[in-house]
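In: Quick check, what structure comes out for this input:
(one chain, ligands or ions: 1)
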Amino acid sequence: MSGERDYVLGTHDEEIDRLGLQHVVWRPRALDAWRRAGFTRDQRLIDFGAGPGYATVDLADIVGPNGQIIALDRSRRFLDRLEAVAESRRLTQVRTIEIDLAATVPTEGADGAWCRWIFAFLPEPRAALERLAAAIRPGGRLVIHEYLDYATWRLFPRSVAFERFVEAVMESWRTDGGESDIGPAVACWLSELGWQIELQPIIDIVSPENLVWRWPSSFVTVNSERLVSLGRLAGEDAAKACADLAAAETRPGTLMATPTLLEIIAKKPR
Ligand SMILES: C[S@@+](CC[C@H](N)C(=O)[O-])C[C@H]1O[C@@H](n2cnc3c(N)ncnc32)[C@H](O)[C@@H]1O
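Out: Model prediction:
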C-alpha cells in the first residue's frame, strides 16, 4: 500500500480483523482496568497507539459527548477505519492524529492515557514514555497493557515447531527495533519518574473451545505467512507450527498458555 508507514505486524485487512477479535477477548480486562484507574465522564484521554480504534470507541462511550479521546497512531489505514466508525456512531468526542510516536506526543494536560501493545514496537520506548508522561496532568492516570513474558505462549502437550514460531515472532519484533517483553521496563521507568504504580500479571490457560484460544490462534494464522515473507521463519517451520496448532485444536485434552501480559495502572504525582 503506497504511502502507508507499515509496522512489523502490518496494517492489512486481516490484521484489522485480528485486532478486533483480540479486543473482544481483552475488552473485559480493559474495562475493569479503566474503572479501577478512575476513567470517567467528561475526561480528556489519550489512546496512545490506537490502531483501528476498537478500544478508542469504548473509551469514547466512557467519557461521553462532553469528553474527548485523542487517538494517536502512525497508520493512516487504521485511523481511516476508526474515523469511519466514529462518524457512523456520531462520536464527535473522538479526535484522530496521524503521528509517529517515536518522535512526539502532540497534546498536553490530558486526564489520562490508555496504551496497549505499543511500547513493544517503539525503538526508544523510554523517551516515548517520558513524552507521554509529560502530556498527562498532575494526578492523571496511565493504564498500560504490555507483555511481561511472551515466551509463556505454549501448547500442552508441547510442540517444538510452535515454540519456534513464538521465538520467531519475538525475534522479528527485536529485529524491527522493538522488544516484546517491554512491560517490566515501562513499570520501572514510571517508578523512577515518581509515579505510583499498581502491577498485575495476566496469563490464561485455556482449551480450544474457550474464546480466549481464538486470540493467539488467529495471530498464528495471520502472521505465519508474513514471518515467512519477511524471511524470519522458514516455510516448512511455519507449516509445521500451523499443522501442530490445527492438530491441537481437535485433540481432546489440549491446553494453551497465553503470552503473559503486565497490567500497569499508574498515577502521576501532584
Ligand atoms: C498491536 S497494534 C495495537 C493497537 C491498539 N493499541 C490495540 O490494542 O488494538 C500496535 C499499533 O502501534 C502502532 N505503531 C507502531 N509503531 C508506531 C509509531 N512509531 N508511531 C505511532 N504508532 C505506531 C501501529 O500502527 C499499530 O496500530
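In: Show me the helices in the stretch 151-270 of the chain, by range?
Out: Assigned helices in the stretch 151-270 of the chain, in chain order: 160-175, 183-192, 211-229, 235-250 (criterion: DSSP state H, counting those that start in this stretch).
In: Pull the residues that contact the helix or strand harbouring residue 34.
Out: Element membership for residue 34, per DSSP states H and E: helix 13-37. For helix 13-37, contacts defined as CB atoms under 8 Å, 6 or more residues apart in numbering pick out 9, 51-52, 54-55, 58-59, 62, 77-78, 81, 112, 114, 116, 141-143, 145, 198, 202, 211-212, 214-215, 218-219, 222, 263, 265. The way it works is simple: take the backbone N, C-alpha and C, and place the C-beta from them, glycine included.
In: Strands - which of those land there?
Out: Residues from these lying in strands, with DSSP state E as the criterion: 112, 114, 116, 141, 142, 143, 145, 198, 202, 263, 265.
In: Contacts only, for the last one.
Out: If I follow you right, that is residue 265. By CB under 8 Å, 6+ apart, residue 265 lies in contact with 33, 36, 37, 141, 142, 143, 144, 197, 198.
In: and if you look at the third one?
Out: For residue 116, the residues meeting the contact criterion (CB under 8 Å, 6+ apart) are 26, 30, 49, 55, 144, 145, 146.
In: right, and residue 63 touches residue 56 too?
Out: No: using CB atoms under 8 Å, residue 63 is not in contact with residue 56; the gap is 10.6 Å.
In: Buried among the contacts of helix 13-37? Make that a ChimeraX selection.
Out: Per 16 or more other CB atoms under 10 Å, the buried members of the contacts of helix 13-37 correspond to this ChimeraX selection:
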select :9,51,52,54,55,58,59,62,77,78,81,112,114,116,141,142,143,145,202,214,215,218,219,222,263,265
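In: Near the ligand, which residues of the stretch 101-250 of the chain? Just list them.
Out: Applying CB under 6 Å from any ligand atom, we find that the stretch 101-250 of the chain lies next to the ligand at 101, 102, 116, 117, 118, 121, 122.
In: how about those, which pair is most distant?
Out: 102 and 116 (17.1 Å; CB to CB).
In: Can you get me a residue count around the residue nearest to residue 64 when sequence neighbours are not counted?
Out: Nearest in space to residue 64, with sequence neighbours left out and distances taken as CB to CB, 6 or more residues apart in numbering, is residue 41 at 5.0 Å. Number of residues near residue 41 (other CB atoms under 10 Å) recorded here: 10.
In: do the one 4 residues further on as well
Out: Residue 45 is surrounded by 29 other residues when neighbours are defined as other CB under 10 Å.
In: residues contacting it?
Out: Residues near residue 45 by CB under 8 Å, 6+ apart: 39, 59, 63, 67, 68, 69, 70, 110, 111, 112, 113, 114.
In: Leaving out sequence neighbours, find the closest residue to the fifth one.
Out: Excluding its sequence neighbours, the residue lying closest to residue 68 (CB to CB, 6+ apart) is residue 44, at 4.6 Å.
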